[in-house]
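Chemist: Fold the following, please.
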Amino acid sequence: MDERSKEKEKELIEIERQSIVALKNTFSDIKEIIIDKTGHNQTTGSYRMFVKMVNTSNNEVSFSYNFWKERNEIGSYGVMNDSIQKEGVTNSKVKVIFSDRTEGEV
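Modeler: Prediction:
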């Protein structure tokens with residue numbers, strides 16, 4: 001992987017991290033987020049994240065959401081299970097597996 005590709009990958013992981021912070025301000029009781037893949041829309045500037053979210057009761061749901069880096073906010077998201085995707089805030093640390101398969105906490 002050349003330097004430019006490494007830099008783009010590093011930037012993408014940082015954008016994914018920022019989106020998790022915004023996701024924590026959207027849903028309560030998040031325990032873990034696994035990012036399957038991320039796409040960038042050149043026209044709108046938004047990023048589309050495909051994730052699996054695990055809540056504190058170990059229930060999981062897969063969905064996607066839009067994230068705008070410039071506004072640092074979540075746009076639209078699919079509600080697949082509103083008993084897991086509860087609106088609110090998660091204040092605790094969340095385990096994250098990023099799209100490059102590295103792990104961290106946000």
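
Chemist: Can you tell me the closest non-neighbouring residue to the residue nearest to the spatial centre of the chain?
Modeler: By CA atoms, centre = their mean, the chain has its centre lying nearest to I20, at 4.3 Å. Computed as CB to CB, 6 or more residues apart in numbering, the closest residue to I20 that is not its neighbour in sequence is V106, at 4.4 Å. C-beta: built from backbone N, CA, C; applies to glycine.

Chemist: Please list all residues in contact with the one you found.
Modeler: Contacts for V106 (CB atoms under 8 Å, 6 or more residues apart in numbering) come out as R17, I20, V21, K24, I33, K93, V94, V96.

Chemist: what about 7 Å?
Modeler: R17, I20, V21, V94, V96 (CB atoms under 7 Å, 6 or more residues apart in numbering).

Chemist: Buried among the residues you listed? Make that a ChimeraX selection.
Modeler: What follows is the ChimeraX syntax selecting those of those that are buried according to 16 or more other CB atoms under 10 Å:
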select :20,94,96
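
Chemist: Name the nearest of the contacts of V106 relative to E60.
Modeler: Nearest to E60 among those is V94, at 13.4 Å by CB to CB.

Chemist: Please tell me I have it right and that closest one contacts K24.
Modeler: Yes - with contacts counted by CB atoms under 7 Å, V94 reaches K24, the gap being 6.2 Å.
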